Each structure stands twice: as structure tokens, then as C-alpha cells.
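[1] mind folding the following:
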Amino acid sequence: MEEIRLANKEDASSIALLGRITFTETFGNLFTDREGLKNYLDTTFSVDKIEQSLQKENNAYWIALVDRLPVGYAKLKLHSPSDFVPSEKAGQLQKIYVLKDFLSMKIGKRLQDVLLKKAKASGCELIWLSVYKGNQRAIRFYEKNNFKTVGEHQFNIGKDTFEFMAMAKRLVNH
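    Got it, this is the predicted structure:
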């Protein structure tokens, strides 16, 4: 049985663990600086940091469960203008991660759908995201869901530099 629901503070440890595992599954092999990766994981996916993030009214998290096991999550940041999108009413799809063994179940699409619905209901006119240029699976997923490339940027973790694309999708037609 599958369930997607809004996450709460009690889900912080599951989200932190999912974040560590899915990030490592997706990007771990790209790091030359293993210590940089470990520090990033310890900082970004600490239970305390996720608990604090869950408390912010600008953030919304969803958790996906299969047979009551946490297998994925998504994070929306409302009111997140960017240099890449010309709108004050922009939201950011910050994360959609699903454990590799569950990708074929289309959980990422369902997480995206609830996230976009919430963004639109909250007044976002468009949604943007950053995706690693080498993550062709994710890029194809977003393109298939009508996201368009709107820019490029770099992101440093430890001694490693990564190239990212910014993509956006209009939620409200003018």
C-alpha cells in the first residue's frame, strides 16, 4: 500500500535518513572529496536541521510511504524568488528524492503533483528548481512535465564544483 502525506516534525528523522541515502545514491559517485561529501550530508541532512526546516511556514514537506516504510520525500519552498525567474510569486521545488529501489513506482511524479497543487493553491504563479546537469533522468522527468531551462549556475560542496541547470514551469497563465 502506498501513501503520500504532508510531513510533520515526527517525520524529521525519516526525511533526514532518506535525504542522506538518496543524495548519496544519486551523487555520491561524483565526489572526489569524500570528506566534503560527509560534511555536506552531516550538515544538510541532520535531524535538527530538518526539524527546523519543517517548522518554517514557508516550507512544506511530503513523505511517501510504501507498506508504511518511508521511501521518498519532497520539499516546496514558497515565496522563493530567484534571478532565474521574473516573478515575486515564485515557489521553489527544492527536493524530490525517492529511493532507487522504488523509482519505477512513479512516486516522484505523485510527489511532484501534490507539491505543484500546493504551490498553485498558495498563490505561486510559477515554480523553479535546480537540477544537476549530469542527472539526465531528472532532467527528462522535468522536461516531460513541462519545465523549461531558464539558466545555469554552479554549486560547490567541499572541494568539488557541480554544474546545475535552473528550470521553471508556469502554474498560472496570464
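[2] so what does the helix or strand containing Leu54 touch, helix or strand wise?
    Following DSSP states H and E, one finds Leu54 within helix 47-55. Judged by 3 or more C-beta pairs under 8 Å, 6 or more residues apart in numbering; DSSP states H and E, helix 47-55 is in contact with helix 12-27, strand 59-66. For glycine as for every other residue, the C-beta is placed from the backbone atoms N, C-alpha and C.
[3] kindly recompute the last result at 6 Å.
    If contacts are counted by 3 or more C-beta pairs under 6 Å, 6 or more residues apart in numbering; DSSP states H and E, helix 47-55 sits against helix 12-27.
[4] buried ones in the helix it packs on?
    Neighbour-count burial for helix 12-27, with 16 or more other C-beta atoms under 10 Å as criterion, is recorded at Ala12, Ser14, Ile15, Ala16, Leu18, Gly19, Arg20, Ile21, Thr22, Phe23, Thr26, Phe27.
[5] beta partners of the residue positioned nearest the centre of the chain?
    For the chain, Lys95 is the residue whose C-alpha lies nearest the centre (C-alpha atoms, centre = their mean; 0.5 Å). Following DSSP bridges, Lys95 is listed with bridge partners Lys75.
[6] from what I can see it touches Gly72, true?
    No: using C-beta atoms under 6 Å as the test, Lys95 is too far from Gly72 to be in contact (9.8 Å).
[7] tell me the contacts of Leu6?
    Listed by C-beta atoms under 6 Å, 6 or more residues apart in numbering, the contact partners of Leu6 are Trp62.
[8] partners of it in the sheet?
    Residues in beta-bridge contact with Leu6 (DSSP bridges): Trp62.
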